[in-house]
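K.L.:
Quick one, fold the following:
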Amino acid sequence: RRPRSGRAHDTALPTRAGSSSGATHSPLSIARRTMAATCTAVSAARVTAPTVTRSRNGAGTNNLRAAVARRASRRASHARVAPRAVATETATSAPATAAGDTALIDSLRPTSAECAKTLVAIANTGTISTACEDGIPLGTFASYVVSKEGEVILRMRADALHTANVTRDPRCSLYVQPATQPPGVLSRATLIGSLSRLDDDVATKASKQYNETHGENVGVDAVAGSDVYYKFDVDRVFYVGGLGSDKRAEVVSAADFASAAPDPLARAANSVVDAMNGERYEDVMNFARASLPDEAEPAEARMLWVDQLGFDVRVITSAGDGAGAGKVLDVRVPFPAPATTQQHALSSLTMLAQVMWEEEKQYSPQPVPRETTSGEGSD
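P.N.:
Sure thing, here's the model as predicted:
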């Protein structure tokens, strides 16, 4: 590949506020550290090869991590700090992480509240569980919209069984799992609380938004003049992460959920992922290769998801001894700075790919001679 026009900017990410370490790290050096600290073997039928040995310090012949880190340290004073985020590694098969690594990992993802808010924003449908007369919960399909104020508003048929249930006991839960998530990524959120019926004026506005979002539907789900609209009053949210290195399963408070904002890339994430796994697949493979230790080589790689703080790549490593298809691993790679638009995300991905290309090829641009005009430099 020929070098892209222009020189990639050196970037670095300081550890978040409160971390015990004051060192700076490049996005790719962070990827190497998080791979060493939190890579998890994913159960798969074709995973038969011995576990690939990992080195936390990344020692070996591959000097990509060290080279990028050296370039990043020279520009540390110009670094931009990624927003604070919380991630918890719970997989029992993951190696123990040092306190410094845990703090570093915490800065790589949106919070659980933000992830849950993103899921709710992009799903628009879910399963609502209400209590029947005998106390047994009934799970049924539900469709909803999210108001400008961030409230979840459900449309329910006046004669539906779950409507009768919430009229008697408004306590319920709403399980949300977007159908747009790629295979192997099963993040989900359960809103726990109660429903309160909207008055006629607010319900009219909600009906208009609902029709714009879902259309009139058909059959039992067809919109009717007798439909009623309820606001979901959130008491707490149970969030479960689905990406390989995001094994969080925790309860989010109502206050944290209310104050969180959906990820700005939520609507564009699928387009970015499709573009990277398609015409830019070579870059995805390079991201995987740069994140693995020296003794491992990716056989396949696939970008899973992208958000404003970074992206996740699933890697199948090659089996050097021919014992099978290798290990299935997931790695998190952070962006140099938060990406709030699709264009910004693609630009950051291009920059990271350029940095890797330059280090792999040991590319160093020749300085351009400075032209001087007559008389310049004279007294």
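K.L.:
which residues of the stretch 101-250 of the chain fall in helices?
P.N.:
In the stretch 101-250 of the chain, helices defined by DSSP state H, counting those that start in this stretch lie at 112-123, 161-168, 200-214, listed in chain order.
K.L.:
closest to Leu349 out of these?
P.N.:
Distance to Leu349, taken as Cβ to Cβ, is lowest for helix 112-123 among those, at 19.5 Å. C-beta: built from backbone N, CA, C; applies to glycine.
K.L.:
contact partners of the closest one?
P.N.:
With Cβ atoms under 8 Å, 6 or more residues apart in numbering as the contact definition, helix 112-123 has outside contacts at 85-86, 109-110, 146, 150, 152, 176-180, 187-189, 191, 237, 239, 241, 248, 250, 252-253, 256-257, 259-263, 266-267, 307.
K.L.:
which secondary structure elements does whichever helix in the chain runs longest contact?
P.N.:
Taking DSSP state H as the criterion, the chain has its longest helix at helix 342-361. Counting contacts by 3 or more Cβ pairs under 8 Å, 6 or more residues apart in numbering; DSSP states H and E, the secondary-structure elements packed against helix 342-361 are helix 27-38, helix 64-74, helix 269-277, helix 281-291.
K.L.:
which stretch in those helices has the least confidence?
P.N.:
Averaged per stretch, pLDDT over the helices and strands packed on helix 342-361 is lowest on helix 64-74, reaching a mean of 39.
K.L.:
Count residues in the vicinity of the closest residue to Tyr230 other than its chain neighbours, would you?
P.N.:
Spatial nearest neighbour of Tyr230, excluding adjacent residues (Cβ to Cβ, 6 or more residues apart in numbering): Leu195 at 4.0 Å. Counted with other Cβ atoms under 10 Å, the burial measure for Leu195 works out to 27 neighbours.
K.L.:
Report the separation between Leu195 and Thr163.
P.N.:
To Thr163, Leu195 is 9 Å away according to Cβ to Cβ, to the nearest Å.
K.L.:
and of the helices of the stretch 101-250 of the chain, who's closest to Lys231?
P.N.:
Distance to Lys231, taken as Cβ to Cβ, is lowest for helix 200-214 among the helices of the stretch 101-250 of the chain, at 8.2 Å.
K.L.:
quick check: longest strand of the protein.
P.N.:
If you go by DSSP state E, the chain has its longest strand at strand 228-240.
K.L.:
quick one: contacts for Ala160?
P.N.:
Going by Cβ under 8 Å, 6+ apart, the list of residues near Ala160 reads Thr140.
K.L.:
Try it again at 10 Å.
P.N.:
The neighbours of Ala160, taking Cβ atoms under 10 Å, 6 or more residues apart in numbering as the test, are Thr130, Thr140, Ala142, Val166, Val220, Asp227, Val228.
K.L.:
Which residue is the nearest non-sequential neighbour of the fourth one?
P.N.:
This means Val166. Leu195 (4.8 Å).
K.L.:
Next, the contact list for the one you found, please.
P.N.:
Taking Cβ under 10 Å, 6+ apart as the criterion, Leu195 is in contact with 128, 130, 152-154, 156, 162-163, 165-167, 169-172, 174, 228-233.
K.L.:
can you check Val228 too?
P.N.:
154-158, 160, 163, 166-167, 195, 197-198, 203 are the contacts of Val228 under Cβ under 10 Å, 6+ apart.
K.L.:
Spatially, and excluding backbone neighbours, which residue is closest to Val202.
P.N.:
With sequence-adjacent residues excluded and distances taken as Cβ to Cβ, 6+ apart, Val202 is closest to Tyr229, at 7.6 Å.
K.L.:
so the one you found sits right up against Ala206, yeah?
P.N.:
Yes - between Tyr229 and Ala206 there is a contact under Cβ atoms under 10 Å: 4.6 Å.
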